[in-house]
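Visitor: build me a model from this:
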Amino acid sequence: MFPPIFAVCSTDPGVIALLGANPDTRLYSFGEAPEDTIKPYAVWQLISGDPENYLAGRPDADGFSLQVDAYATTGTAARNIAKAIRDAIELKAYVTSWNGESRDTETKLYRYSFDVDWIVLR
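Guide: Numbering: from 1, shown residues only. As a prediction, the model looks like this:
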């Protein structure tokens, strides 16, 4: 019922190099990081999901669409986090859109955003 993005990213050397090792990997669910989180970090949130449905029998897979946002003190760092997460998950999921770059007016952090579709076997 849940996409395994944290499990995949928290064991990937490229992500670990940028966001820390588990259990302190700075990749947070529900699109929110704890207050005063060490920078850089990334967040993800479920945008939508579709369970497979069969007329006979229980479904064996669920589909998920996620939004991933990388935050950093420089644009280059935000892009590098996005690349590392992309590289970690692209053999298991599909990047479906690049949502753009921005800079938060309050925190001054740079943000790189993209969407991922993931089919998860039950």
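
Visitor: contacts, neighbours, all on C-alpha from now
Guide: OK.

Visitor: where do the helices sit along the protein?
Guide: 5-9, 13-19, 75-89 (DSSP state H).

Visitor: can you redo those helices as CSV with mean neighbour count?
Guide: Shown next, in CSV, are those (neighbours: other CA atoms under 10 Å):
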stretch, mean neighbour count
helix 5-9, 17
helix 13-19, 18
helix 75-89, 19
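
Visitor: looking at the ones you listed, which is closest to Val68?
Guide: helix 75-89 (8.2 Å; CA to CA).

Visitor: turn the helices of the chain into JSON lines, including mean pLDDT.
Guide: Shown next, in JSON lines, are those (pLDDT from 0 to 100):
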{"stretch": "helix 5-9", "mean pLDDT": "97"}
{"stretch": "helix 13-19", "mean pLDDT": "98"}
{"stretch": "helix 75-89", "mean pLDDT": "98"}
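
Visitor: need those in TSV with distance to Val68, can you?
Guide: What follows is those, written out as TSV (distance: least, CA to CA, whole Å):
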stretch	distance to Val68
helix 5-9	10
helix 13-19	13
helix 75-89	8
